[in-house]
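K.L.:
could you look at this predicted model? Sequence included:
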Amino acid sequence: MILHILPAGPIQTNAYLLIAPERGEAVLIDAPGDVWAQVAPLLTREKCRLTELWLTHGHWDHTQNAAEVVRTTKAKVRGHVADKPFYETPQIMSAFLSERMKLEPVFVDSWVQQGEILDVLGTTFEVRHVPGHCPGNVLFYSVAQKAVFVGDALFAGNVGRTDFPGGSMEMLADSIRRQIYTLPDETVVYPGHGRATTVGEEKQYNPHVRG
């Protein structure tokens, strides 16, 4: 499996494109603004089609390009039902934007649940619910790849904001300790913004939530 890290959109939100060339398939995790312009040539080069779009949560910077991606590829969309209002009414977040932006709704095809196993690209991913940054933040964990895609729950040396609707620092800290810090220390953490880190590094050094 090939991983492409694709920062995109006004605040450089990380999208992650997972490609299995031998299967001719790919999965995109999150769809920040204008990311499709980066994804399309990669799919063409690898002769793959995008089969699924996984959304870690419903905040605008992770979904801004989702409608275009779905229109173009017919990819199946997965997300958590607790963020349905954000997905279908993205203007909820407009009060937090410094400028007017075009925000299109995205409609989820399959609502994921805690502990669900997704079998794609010749491997499996476990879904874990990590609320706190927002009600419906989820992560996607691959044992085989020793990788976890966490959205805005956890960053290198930081954690997600909790001053948005439905946010709670107490809930976020609990989510991180129960759902992320219980993974093997060598697991690579791919966040919604900034560089990758590891579970072990954050347990030891993250000033907001220690393991």
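P.N.:
Yep, that arrived.

K.L.:
in this structure, which spans are helices?
P.N.:
With helices called from DSSP state H, the chain shows them at 36-46, 60-63, 66-73, 84-88, 169-175, 199-205.

K.L.:
and of those helices, who's closest to Met1?
P.N.:
helix 36-46 (11.2 Å; C-beta to C-beta). Heads up, the C-betas are built off the backbone N, CA and C, glycines and all.

K.L.:
buried residues in the closest one?
P.N.:
The neighbour-count check on helix 36-46 (16 or more other C-beta atoms under 10 Å) flags Trp36, Gln38, Val39, Leu42, Leu43, Glu46 as buried.

K.L.:
ok, now stretch 64-82?
P.N.:
Under 16+ other C-beta under 10 Å, the buried positions of stretch 64-82 are 64-70, 73, 75-80, 82.

K.L.:
give the contact list for the residue nearest the centre of the chain.
P.N.:
The chain has Thr56 as the residue nearest its centroid, 3.3 Å off, counting by C-alpha atoms, centre = their mean. Thr56 sits next to Ile29, Asp30, His62, Asn137, Val138, Leu139, Phe140, Phe149, Val150, Gly151, Asp152, Gly192 when contact means C-beta atoms under 8 Å, 6 or more residues apart in numbering.

K.L.:
recalculate using a threshold of 6 Å.
P.N.:
The contact partners of Thr56, taken as C-beta atoms under 6 Å, 6 or more residues apart in numbering, are Asp30, Val138, Gly151.

K.L.:
name the nearest residue to it, ignoring sequence neighbours.
P.N.:
In space, and not counting its chain neighbours, Thr56 is closest to Gly151: 2.8 Å by C-beta to C-beta, 6 or more residues apart in numbering.

K.L.:
before we move on, what about Gly192?
P.N.:
Asp152 (4.3 Å).

K.L.:
what pLDDT does the one you found get?
P.N.:
On pLDDT, Asp152 comes in at 98.

K.L.:
what's the distance between it and Ser168?
P.N.:
Per C-beta to C-beta, to the nearest Å, Asp152 is found 14 Å from Ser168.
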